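Trainee: this one's sequence-less:
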């Protein structure tokens with residue numbers, strides 16, 4: 001990059017007397033960036049309940065925000081055609097005022113409730129109507145103010161590198177994102193957040209007015225054009241494509257890591273912001289004059305951590321903190337590598353807005369690929385490991401002659417990556433070894449594979465400067481581990497907006513042999529033995545001995561016919577309890593789940609086991625259950641999980657109050673609260689306490705003598721509008737009362753998932 005030329009006869013100065021203008025520019029950019037990135041989790045949290053709390057809501061919303069950011073950057077680029085800074089500032093202020101008409105922010109109801117069969121279009125359009133204008137205008141501030149700064153300070157040394165202000169912009173974004181889960185979400189209601197954001201927007205407008213006044217008073221703007229910057233050569237198309245791709249890879253990886261986090265813990269802002277904050281931090285580092293992490297160090301660390309991450313991507317583990325740390329570390333280093341390579345290619349200041357426009361376009365391309373295109377192209381989450389591998393192409397090329405030992409090392413690594421699939425295929429082939437493999441090797445194959453992969457990982461690290469060889473080795477590691485880690489996944493895999501559903505087949509001799517399993521992420525959503533002798537026995541969380549089974553059978557002894565509502569269809573296991581006189585209705589948001597659970601090829605609880613027809617109502621349960629008649633249900637089961645995450649809007653005070661209204665006076669609602677990572681029991685108990693609802697708690701441990709797929713440990717809370725509803729349960733020693741809690745109950749206006757995570761780890 002060449003230095004920007006100064007006006008003829010001028011020399012770079014720091015002009016120590018003028019400290020106000022640089023500070024005002026920095027504060028304005030910092031404030032606008034904070035507003036832009038606080039609004040993202042806030043608005044997405046507002047819309048999340050309308051789509052069942054799905055993790056895909058955030059990824060789709062991110063595509064919208066990236067597109068709106070691109071629109072803002074495009075506007076900033078076009079505004080440079082106005083040669084008068086007075087005209088530019090006036091135009092921007094007018095647009096800021098017009099966008100203020102959308103305040104305070106709220107979710108537009110013009111499009112009605114979302115269609116679960118086509119949620120993406122509804123979500124993008126609703127976000128555009130709700131927040132599109134203020135977000136796009138605000139997002140234009142960073143490149144716009146940097147362009148103004150380059151012109152206002154054209155005669156000074158600091159005006160020659162306005163890109164430094166981009167680091168300040170991303171620092172503001174980074175700090176705002178950290179503040180959201182740690183301070184804003186735990187301490188403020190959504191109503192308070194919306195009001196505070198509107199106040200921040202008004203304060204920012206005053207800053208822009210003050211900036212214009214200061215610049216005008218010092219004679220730095222007027223109706224005449226300011227001193228123009230020297231025009232540099234146009235950016236070649238090849239260079240433009242490289243810039244777009246360097247920006248696209250981190251954007252895609254950010255959404256891939258976010259989906260991984262949100263699927264197995266909770267679809268919540270405190271998890272969404274972690275990858276986004278790291279993403280912004282890489283910009284802060286990459287655009288520093290002296291980066292905290294120099295590029296040569298980044299390249300070494302990125303090679304080591306990304307290879308390790310790729311080798312684990314296909315495997316599931318109970319140590320999710322270690323895995324999340326590994327995935328986040330690989331994402332951070334790869335994003336930093338791409339952004340440092342991007343920063344090194346930045347053009348002179350006269351091309352600044354075009355550079356940011358290309359970078360923003362790359363963000364949209366990467367985000368759209370992961371959130372919109374990949375679910376159509378792939379039946380599993382293949383885009384994440386694919387981009388992990390392809391990001392290696394951003395590494396610099398080593399053009400030195402290839403040495404013989406490098407060739408031997410590469411060939412050895414390639415052969416080693418094929419060893420685990422080869423061993424698996426040989427032992428499972430019709431050689432008479434299959435029984436020995438299944439009994440002695442299959443369970444240990446993931447560990448054996450990872451041990452064998454140590455060789456290719458080491459070889460890939462040594463060859464990290466040979467970019468093509470590095471990428472090929474990384475890709476083969478990914479393919480090898482994915483082949484071995486199929487496990488239950490081999491039978492069936494399909495994908496929808498709401499996630500990847502898998503049907504696996506395992507053997508449980510004590511349940512008659514084959515058992516089909518429905519999985520979402522790392523959580524089992526139902527299992528059914530295929531042996532007719534066991535096929536209609538509800539299993540896992542719905543087993544007769546579980547709290548759900550106990551409650552259902554207790555109420556069935558109470559009445560010959562029950563009206564039962566079930567939120568979350570899963571494999572349809574609850575249908576195994578339906579008698580001829582019972583009425584049962586499922587409330588399910590994912591049409592694919594309904595299709596799979598009704599297909600006798602996989603599960604027959606609904607088609608064959610239930611005595612009589614069963615209805616499924618598609619859509620978010622809070623929306624669809626609001627249309628049900630009050631006082632009609634004997635039993636409601638709230639069991640809607642996305643992998644192991646929690647749709648928090650189904651556990652708020654308002655939600656539970658709605659369930660109780662749908663019950664008969666002696667009806668019962670079961671809240672299934674099993675969770676590996678969060679304490680969701682105390683907020684639910686606190687909600688019952690606030691509502692004054694009778695409630696009992698049970699933590700059931702599966703019997704060690706039960707068949708493997710028969711039962712699952714289950715935590716549940718049962719509630720009733722009256723004490724009569726729980727009369728029989730109070731005499732059962734399995735059920736007990738929870739002590740009054742000081743934990744704040746969740747409401748539609750307040751949810752603190754970070755507190756739930758913290759309590760879980762303190763237990």
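Mentor: It's in. None of the values given here were measured: they were computed from a predicted structure.

Trainee: could you use CA atoms for every contact and neighbour count after this?
Mentor: OK.

Trainee: so where does residue 718 fall, helix or strand?
Mentor: In this structure, residue 718 sits in strand 714-720 according to DSSP states H and E.

Trainee: which residues sit against that strand?
Mentor: Residues from elsewhere that reach strand 714-720, judged by C-alpha atoms under 8 Å, 6 or more residues apart in numbering: 541, 546-548, 660, 663, 665-674, 681, 685, 688, 693-702, 726.

Trainee: what about those residues, which are in strands?
Mentor: In strands, judged by DSSP state E, the following of those are found: 663, 665-672, 694-700.

Trainee: just the buried residues of these.
Mentor: Buried by 16 or more other C-alpha atoms under 10 Å: 663, 665-672, 694-700, out of the ones in strands among the contacts of strand 714-720.

Trainee: ok so, going back, ok, the strand holding residue 718: who's next to it in the sheet?
Mentor: Its sheet considered, strand 714-720 pairs with strand 663-672 (antiparallel), strand 694-700 (antiparallel) by DSSP bridges.

Trainee: how far does that strand sit from the chain's center?
Mentor: Distance of strand 714-720 from the chain centroid (C-alpha atoms, centre = their mean, to the nearest Å) equals 29 Å.

Trainee: just after that strand, pick out the following helix or strand.
Mentor: Per DSSP H and E, the first helix or strand lying C-terminal to strand 714-720 is helix 727-730.

Trainee: residues making contact with that following helix?
Mentor: For helix 727-730, contacts defined as C-alpha under 8 Å, 6+ apart pick out 554, 696, 735, 736.

Trainee: distance to residue 586 and mean pLDDT added to the strands paired with strand 714-720, as TSV?
Mentor: Output for those, formatted as TSV (distance: least, C-alpha to C-alpha, whole Å; pLDDT from 0 to 100):
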stretch	distance to residue 586	mean pLDDT
strand 663-672	14	94
strand 694-700	23	93
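
Trainee: quick one: those strands as JSON lines, columns for distance to residue 531 too.
Mentor: What follows is these, written out as JSON lines (distance: least, C-alpha to C-alpha, whole Å):
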{"stretch": "strand 663-672", "distance to residue 531": "28"}
{"stretch": "strand 694-700", "distance to residue 531": "27"}
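
Trainee: could I get the full set of strands for the chain?
Mentor: Here the chain has its strands, by DSSP E, at 492-496, 499-508, 513-520, 523-529, 563-567, 583-588, 615-618, 633-638, 663-672, 694-700, 714-720.

Trainee: check contacts around residue 122.
Mentor: 111, 114, 115.

Trainee: just the pLDDT for the closest residue in space to the second one that isn't next to it in sequence.
Mentor: It stands for residue 114. With sequence-adjacent residues excluded and distances taken as C-alpha to C-alpha, 6 or more residues apart in numbering, residue 114 is closest to residue 122, at 6.0 Å. pLDDT recorded at residue 122 is 90.

Trainee: please apply the same query to residue 613.
Mentor: At residue 613, the model reports a pLDDT of 93.

Trainee: how about residue 165?
Mentor: pLDDT, residue 165: 66.

Trainee: quick one: least confident helix or strand in the protein?
Mentor: Within the chain, no helix or strand scores below helix 434-440, which has a mean of 46 by mean pLDDT, DSSP states H and E.

Trainee: ok, now how distant is residue 333 from residue 285?
Mentor: Distance, residue 333 to residue 285, using C-alpha to C-alpha, to the nearest Å: 11 Å.

Trainee: repeat for residue 528
Mentor: For residue 528 relative to residue 285 (C-alpha to C-alpha), the value is 52 Å.

Trainee: okay, the two: which has more neighbours?
Mentor: Ranked by neighbour count (other C-alpha atoms under 10 Å), residue 528 and residue 285 place residue 528 first, with 28 against 21.

Trainee: isn't the more buried one right up against residue 540?
Mentor: No: Residue 528 lies out of contact with residue 540 (C-alpha atoms under 8 Å); the separation is 9.3 Å.

Trainee: residue 744: neighbour count?
Mentor: Counted with other C-alpha under 10 Å, residue 744 comes out at 17.

Trainee: ok, it - contacts?
Mentor: Applying C-alpha under 8 Å, 6+ apart, we find residue 744 in contact with 683, 686.

Trainee: you'd agree residue 69 is up against residue 360?
Mentor: Yes: contact criterion C-alpha under 8 Å: residue 69 and residue 360 qualify, at 6.8 Å.

Trainee: how much space between residue 667 and residue 722?
Mentor: Separation of residue 667 from residue 722 (C-alpha to C-alpha): 8 Å.
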